[in-house]
Every structure is written in C-alpha cells, then in structure tokens.
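> Sequence and predicted structure, then a few things I'm wondering about:
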Amino acid sequence: MNVTLRFLHENLRGCLDSTDWDIFKTNNNNLDDNADAVTSYISFCEETCIPTRAVYKFNNCKPWFSAELGKLRTNKEEAYRSGDRDAYKRAKYALNKAVKTAKC
C-alpha cells in the first residue's frame, strides 16, 4: 500500500473505531432496519473519510489519442500561431503520421 492509501485506510479505521456501536442496538429487533442503519453509517464514514474524484469522459475522447499525440497537436497549433508556414507543415505532417500509426 502506498502512503496515501495507508493514510485513507487509517482515517476510515479511526472513524469506525470511534463509533459507539451500542447506538445501533435498539429495542426493535428488526434485522432489516438494523442492517440498513449500519450500512448507511458505514457509507457515511466512507464518504466523509475517503475523497472522491470526478472522472469526465467525453464522446470525442478517442482511446488511441495519447499524451504524445496531444503534445504533437500542441506543437502544430503553436506553429500555426507563430505564422511560420514551414514549421506548421512539418508539425502537421508529424501529427498526421503519428495519428495513423496510433490507429493501426
């Protein structure tokens, strides 16, 4: 386990260890209600102790488009903005060639 996961694991463990579990022992012996309460509490601890990250996926994100292709595209755009026609042609050719090899 790396340091971040170890910290999150310890954080969640601390949250669950500090819980007064006697609160879930009610006079009502309905097993389903008790299971729902415990499950909801564990989910609450998980949501508060473990951060989540949103991952966005767009329809135009192609699986073959790598970071290298992104750099080549950026180089092509910079060459276009600079006005150097020869540099733009070279960058465009390099990008198109890399895209063809990435797709195959």
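Sure, I can see it.
> neighbouring contacts of the lowest-mean-pLDDT helix or strand in the chain?
Within the chain, no helix or strand scores below helix 3-17, which has a mean of 82 by mean pLDDT, DSSP states H and E. Residues outside helix 3-17 that contact it (C-beta atoms under 8 Å, 6 or more residues apart in numbering) are 1, 42, 45, 46, 48, 49, 50, 51. (Glycine included, C-beta is placed from N, CA and C.)
> Run the angle between the next helix or strand after it and helix 3-17 for me.
Following helix 3-17 in sequence order, the next helix or strand is helix 31-49 (DSSP states H and E). Computed with axes from the mean of the first three to the mean of the last three C-alpha atoms, to 10 degrees, the direction of helix 31-49 lies at 140 degrees from that of helix 3-17.
> how far out from the middle of the chain is helix 31-49?
Counting by C-alpha atoms, centre = their mean, to the nearest Å, helix 31-49 is centred 24 Å from the centre of its parent chain.
> so what secondary structure elements neighbour that helix?
Secondary-structure packing of helix 31-49 (3 or more C-beta pairs under 8 Å, 6 or more residues apart in numbering; DSSP states H and E): helix 3-17.
> Would you indicate which residues of the helix it packs on are buried?
Neighbour-count burial for helix 3-17 flags 12, 15 (criterion: 16 or more other C-beta atoms under 10 Å).
> Could you shift the numbering so residue one becomes 207, and keep it that way?
Sure, I'll start numbering at 207, so the last one becomes helix 209-223.
> Can you list the buried residues in stretch 269-277?
Residues residue 275 are the ones in stretch 269-277 that count as buried (16+ other C-beta under 10 Å).
> tell me, what residue is most central in the protein?
Nearest to the geometric centre of the chain sits residue 261, at 4.5 Å (C-alpha atoms, centre = their mean).
> Residue ranges of each domain in this structure, please.
Following automatic domain parsing, one gets these domains for the chain: 209-255, 273-309.
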